[in-house]
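In: Structure, please.
(2 chains)
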Amino acid sequence: MIHKWILLISLISVHAHAQTKSPSKKASKSSSGKSATQKDATRPPMPNQLQFRMGGVIWQENIKVRNGASQGNMETQSQGLVGSLAYLIPTGGRTWLQTYAVDFGFGAIKGKGRSAAIADELKGQLWILGGFTPGIIYRTSPISAVGLMLPFTYRMIEWKLKDGSSFNPEGDSSFSVGISGAYINQLSKNNYLYLSTTYQTNWAANVWNLSWQYKFF
Amino acid sequence: MPFFYLLFGLLVPNLASAYPEFIGYKYSTCLTCHYNGQGNGALNEYGRALFATEISSRKLAGSKTDEQLGEGSGFLPGKLPKWLKPGIKARNLVYRPNPGGEGETRFILMQAEVNAAFLFDQEQKFIFVGSYGHAPIPNRIKGQPAAADTNEWISREHYFRWMASESLWIYAGMMDKVYGLRIVNHTAYSRARTGLAQNDQTHGFMFHYIKPSWEWTTHLFGGNFFQDADVRQMGASMMYEYEVAEAWRLGISGLYSLNEFVNNRRLGIHSKTGLGYGSSLLFETGLINDAPKKGDARLGYYVFSEAQQRLVRGYHVFVSGQMYKDDMKTGRPDLMKTSFGFLTFPGLRSEFRIEIENTRQLNTSADVAKEGWGLLAQIHLSL
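Out: Residues are numbered from 1 along each chain as shown, chains lettered A, B, ... in the order given. The predicted model follows:
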């Protein structure tokens, strides 16, 4: 029956001629091909890789602030650039890779107090960060992968306040451990698209990252 | 078992959406699987068979072969005349704002409808497709006077399709407007903010010219005839898609429509790319110009992007990023929506999608609006 349908569709759609494949044919094609394990056995081992990544990040977090005797939280938003140098080690064939990355970044943080007691506002305050991110990457196809990482991040904020201000935000320096999910897509031989979302537990913040990644070797 | 599906479908949820993501499976045009060459609406026989044999998981299929699954993918397979292709579709959404915190979980029956395709000849040169079902009153107008004028029982599509030649397909009737990537997420900025959401169909004529490496569609419409004449958006839209390489299509869309209150113009470009097997990248961006007859015109923009990754047969993970600004004037915020989730087809006729969505605002002031979180889960069943 299914072959009749396929025949019918192929009669009425020129585009289908070019684009569609019989589901059953497709299934037989894949079943006749080598399994992933067989293919792995016949290929040379995957070499270690060194990659560089650079992209934008954005997140929001609450930072404790004080103004005189008053204290509270200020909702802040951080935007910036983060770069990483990652070393990848294939583990158990060509599907799994360990990754170890050193991270560095900078950007600006802003926020505004929401209470009458602390109505101060901050803009363009510089932050810098550094960190180390171990993780594991699973290659879902020859050109795509997903990853699970554990970023350890240290950040400093260079608060610049008006002289004599009693406003005092915390977070001059802070450390956070996160858990990160990543999606990596190969765009060309050495260029990749990298998307990740990270929950930084100590900052209670979700960091979104969109980066371009380059493979040195 | 069919009775169970029927009951469950009526009580809870459908599979009536277009998936440009399936370019990852090398299906770059919607005509392959849908009666409507621009996607959405009922699946044709090939689409049903393909869904059963290639897209959906085999975990619940038991010992059935792919061929057997394909043969059994129709509605009451083998028991209906060949000219009649009915279906039942239902879709239910569970929405939880601020998961883990305060918030009320909402259950929304978004769609519950019957549909049918009538094939007037063996080569399917002439067919009629129609649907009728329940559409809940949108939450934003519940309890307001407008709710009284809203019909909860509607037909989202009813049209004749004529295959004038192997390349030219002509449609007449009610259907979705042609514009951009017709994605399943009707709350995406690229659909909701452009006036192309789940209840924005229109009556009109659509001309779809299709070649192996490109396609052109023109849609002339007179508005939704079920609406009052003064609010009907009348106009035209177009879309052109070109296949740059295998599984990579670039497109451009335009739309102009007006009623007695506002003129709408949209212009967008998009890209859909298949990666590996079953994975895809989608991107669309465009301008939104609304010019009310009274008041100032607004010119905004939108961006939609999505990366979808096939994990195993029937299971995908996706990440999406969106931007929107209603008016490109200083002081107006840019809205940013990021999300990730799972799109699964656990068995024949079924779909389950779960997504965590994060929204935030970008602006030039120091004020930071609290970010929003939402958990969305959808169950679709299709008979």
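
In: wait, doesn't A:Trp203 sit right on A:Ser176?
Out: Yes: counting by Cβ atoms under 8 Å, A:Ser176 is a contact partner of A:Trp203 at 4.7 Å. Just so you know, the C-beta spots here come from the backbone N, C-alpha and C atoms, and that holds for glycine as well.

In: Mind checking which of those two has more residues around it?
Out: Each of A:Trp203 and A:Ser176 has its neighbours counted (other Cβ atoms under 10 Å in any protein chain shown); A:Trp203 has more, 24 against 21.

In: ok, now which ones touch that one?
Out: Neighbour list for A:Trp203: A:Trp59, A:Glu61, A:Ser174, A:Ser176 [criterion: Cβ atoms under 8 Å, 6 or more residues apart in numbering or on different chains].

In: Please spell out which residues along stretch B:268-286 are buried.
Out: Going by neighbour count (16 or more other Cβ atoms under 10 Å in any protein chain shown), the buried part of stretch B:268-286 is B:268, B:270-286.

In: Equivalent analysis for stretch B:244-255, please.
Out: Result for stretch B:244-255 [16+ other Cβ under 10 Å]: buried residues B:Ala247, B:Trp248, B:Arg249, B:Leu250, B:Gly251, B:Ser253, B:Gly254, B:Leu255.

In: ok, and which of those reach chain A?
Out: Near chain A, taking Cβ under 8 Å from any Cβ of the partner chain as the test, no member of the buried residues of stretch B:244-255 is found.

In: So for the chain, the centremost residue is which one?
Out: As the question left the chain open, I've gone with chain A. The centre of chain A sits closest to A:Ser196, judged by Cα atoms, centre = their mean, with a distance of 1.8 Å.

In: Run through the helices of the chain in chain order.
Out: Defaulting to chain A. A:2-12, A:14-19, A:23-32, A:36-42 (DSSP state H).

In: ah, no, chain B please
Out: Along chain B, the stretches classed as helices by DSSP H are B:2-11, B:45-50, B:66-71, B:145-148, B:189-192.

In: least reliable of these going by mean pLDDT?
Out: Lowest mean pLDDT within these: helix B:2-11, a mean of 38.

In: give me the residue from chain A nearest chain B.
Out: Residue of chain A nearest chain B, by Cβ to the nearest Cβ: A:Ser141 (3.0 Å).

In: Which residue is the nearest non-sequential neighbour of that residue?
Out: B:Gly276 (3.0 Å; Cβ to Cβ, 6 or more residues apart in numbering or on different chains).

In: Check the gap between that neighbour and B:Ile183 for me.
Out: Distance of B:Gly276 to B:Ile183, given as Cβ to Cβ, to the nearest Å: 20 Å.

In: now do B:Gly195
Out: Relative to B:Ile183, and taking Cβ to Cβ, B:Gly195 is found at 15 Å.

In: How about B:Leu196?
Out: Distance, B:Leu196 to B:Ile183, by Cβ to Cβ: 10 Å.

In: Mutual contacts of these two, please.
Out: Counting by Cβ under 8 Å, 6+ apart, the residues touching both B:Leu196 and B:Ile183 are B:Ser190.

In: surely A:Val207 meets A:Val57?
Out: Yes: the pair A:Val207 / A:Val57 is scored as a contact, 5.6 Å apart, by Cβ under 8 Å.

In: Let me know how buried the residue in the stretch 1-150 of chain B positioned nearest to chain A is, in neighbour terms.
Out: Closest contact between the stretch 1-150 of chain B and chain A, by Cβ to the nearest Cβ, is at B:Thr53 (3.5 Å). Residues within reach of B:Thr53, counting by other Cβ under 10 Å, total 25.

In: ok, now A:Arg43?
Out: 10.

In: residue contacts, the residue in chain B positioned nearest to chain A?
Out: Across chain B, the shortest distance to chain A (Cβ to the nearest Cβ) belongs to B:Gly276, at 3.0 Å. Counting by Cβ under 8 Å, 6+ apart, B:Gly276 makes contact with A:Thr140, A:Ser141, A:Pro142, A:Ile143, A:Ser144, B:Gly24, B:Arg310.

In: in the sheet, who's paired with B:Glu351?
Out: Beta-bridge pairing of B:Glu351 under DSSP bridges involves B:His380.

In: So for it, what's the pLDDT?
Out: 87.

In: Wait, it touches B:Phe342, no?
Out: No: with contact defined as Cβ under 8 Å, B:Glu351 does not count as touching B:Phe342 (10.9 Å).

In: who has more neighbours, the two?
Out: More neighbours surround B:Glu351 than the other of B:Glu351 and B:Phe342, with 25 against 15 (other Cβ under 10 Å).

In: what separates that one from B:Gly300, distance-wise?
Out: Counting by Cβ to Cβ, the gap from B:Glu351 to B:Gly300 is 32 Å.

In: quick one on the thing from earlier: now pLDDT too, for the buried residues of stretch B:244-255, in JSON lines please.
Out: Listed next are those as JSON lines, based on pLDDT from 0 to 100:
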{"residue": "B:Ala247", "pLDDT": "89"}
{"residue": "B:Trp248", "pLDDT": "92"}
{"residue": "B:Arg249", "pLDDT": "94"}
{"residue": "B:Leu250", "pLDDT": "96"}
{"residue": "B:Gly251", "pLDDT": "96"}
{"residue": "B:Ser253", "pLDDT": "97"}
{"residue": "B:Gly254", "pLDDT": "97"}
{"residue": "B:Leu255", "pLDDT": "97"}
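
In: Which ones among these lie within strands?
Out: Judged by DSSP state E, the buried residues of stretch B:244-255 include B:Trp248, B:Arg249, B:Leu250, B:Gly251, B:Ser253, B:Gly254, B:Leu255 as members of strands.

In: Distance to B:Gly223 added to those, as JSON lines?
Out: JSON lines is the format used below for those (distance: Cβ to Cβ, whole Å):
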{"residue": "B:Trp248", "distance to B:Gly223": "35"}
{"residue": "B:Arg249", "distance to B:Gly223": "30"}
{"residue": "B:Leu250", "distance to B:Gly223": "30"}
{"residue": "B:Gly251", "distance to B:Gly223": "25"}
{"residue": "B:Ser253", "distance to B:Gly223": "19"}
{"residue": "B:Gly254", "distance to B:Gly223": "18"}
{"residue": "B:Leu255", "distance to B:Gly223": "13"}
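
In: between those residues, which is closest to B:Arg140?
Out: Comparing those against B:Arg140 with Cβ to Cβ picks out B:Leu255 as the nearest, at 23.0 Å.

In: residues in contact with the residue of chain A closest to chain B?
Out: With Cβ under 8 Å, 6+ apart, A:Ser141 has these contacts: B:Leu275, B:Gly276, B:Tyr277, B:Gly278, B:Ser279, B:Arg310.
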